[in-house]
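Asker: what follows is a predicted protein model with its sequence.
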Amino acid sequence: HDTPSGIAFDNAGNLIVADPGSHSIKSIDAKGGVSTIAGTENRSGYADGDARSALFHAPIGVSAAGGKIFVADTFNDRIRVIENGNVRTLAGGQKGFGDGIGDAVRFDTPAGICNWGDKLVVADTGNGRIRVIEPDGRVWTLAGTGSGDLKDGSLLSAVFFQPTGVAVDKFGTIYVSDVNAVRKIGGGTLALVSTVTR
């Protein structure tokens, strides 16, 4: 591994690792065997298709569910999916900010990603926002104004500085690592952002 970052377990119990330094996604089995499952070792770029020849650019986040591996392809500003030996782009295109579907969506260095029921939650670091990807690929903004600060409150008024990691507990509450703070999106109605620790 060059600079291992995000980790997740797949359905088979393998540890999936985002390795941004080598621009690849790796798998570690129960015996410690390491294999590259997607990306071309030490070659950055952007290309979908066969997982062995697909290209990523410093992917930081991974999540796995239902036989799929979801990748926050950080410096390509895209969310990618690895499934059945192939890589495709789920959402994202050029750097920027914009909700929608497919390549019309804009991210700015998305880093963290996790499953939230049948949806995905993305820490959109450069935009200072928490984004949601629906099963059909539609992207919408859950929380954050993008103004770059730390401020609790309602989903539409709360402010994140640079959210990098996300995780969901068994109750569906979302936790966010945000520079020197851990934030929480939840509270029954999922209507508030609060700071857990700072």
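Answerer: Cool, the structure landed. Residues are numbered from 1 along each chain as shown.

Asker: residue 181 versus the residue located most distally from the centre of the chain, what's the distance?
Answerer: Largest separation from the mean C-alpha position in the chain: residue 31, at 27.1 Å (Cα atoms, centre = their mean). Residue 31 sits 38 Å away from residue 181, going by Cβ to Cβ, to the nearest Å. Backbone N, C-alpha and C define where each C-beta goes, glycine included.

Asker: in contact with residue 139, which residues?
Answerer: 91, 99-101, 105, 131-133 (Cβ atoms under 8 Å, 6 or more residues apart in numbering).

Asker: quick check, it in a helix?
Answerer: No - per DSSP: H, G, I helix; E, B strand; the rest coil, residue 139 lies outside any helix segment and is strand.

Asker: check the gap between it and residue 133 for me.
Answerer: Residue 139 is 5 Å from residue 133, by Cβ to Cβ.

Asker: which residues are in contact with both of these two?
Answerer: With contacts taken as Cβ under 8 Å, 6+ apart, residue 139 and residue 133 have residue 91 as neighbours in common.

Asker: now the contacts of residue 139: which count as buried?
Answerer: By neighbour count, with 16 or more other Cβ atoms under 10 Å, the contacts of residue 139 hold 91, 105, 131-133 as buried.

Asker: identify the farthest-apart pair in those.
Answerer: 105 and 132 (11.4 Å; Cβ to Cβ).

Asker: distance from stretch 164-184 to the middle of the chain?
Answerer: Centroid separation between stretch 164-184 and its chain, computed with Cα atoms, centre = their mean, to the nearest Å, is 12 Å.

Asker: contacting residues around it?
Answerer: Residues contacting stretch 164-184 (Cβ under 8 Å, 6+ apart): 60-61, 111-117, 121-123, 125, 130, 142, 150, 152, 160-163, 185-187, 190, 193-198.

Asker: so where's this structure uncertain?
Answerer: 1-2, 187-190 (pLDDT under 70).

Asker: tell me, what residue is most central in it?
Answerer: Taking Cα atoms, centre = their mean, the chain has its central residue at residue 113, 2.4 Å away.

Asker: for that one, give the beta-bridge partners.
Answerer: For residue 113, the beta-bridge partners under DSSP bridges are residue 122.

Asker: hmm, back to that, let me have the contacts of residue 139 in CSV, extended by secondary structure and distance to residue 167.
Answerer: Shown next, in CSV, are the contacts of residue 139 (DSSP: H, G, I helix; E, B strand; the rest coil; distance: Cβ to Cβ, whole Å):
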residue, secondary structure, distance to residue 167
91, strand, 20
99, coil, 23
100, strand, 26
101, strand, 25
105, coil, 22
131, strand, 15
132, strand, 15
133, strand, 16
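
Asker: pull out the buried positions in stretch 37-45.
Answerer: 37-40, 44.

Asker: for stretch 179-186, same thing?
Answerer: By 16+ other Cβ under 10 Å, the buried positions in stretch 179-186 come out as 181, 183-186.
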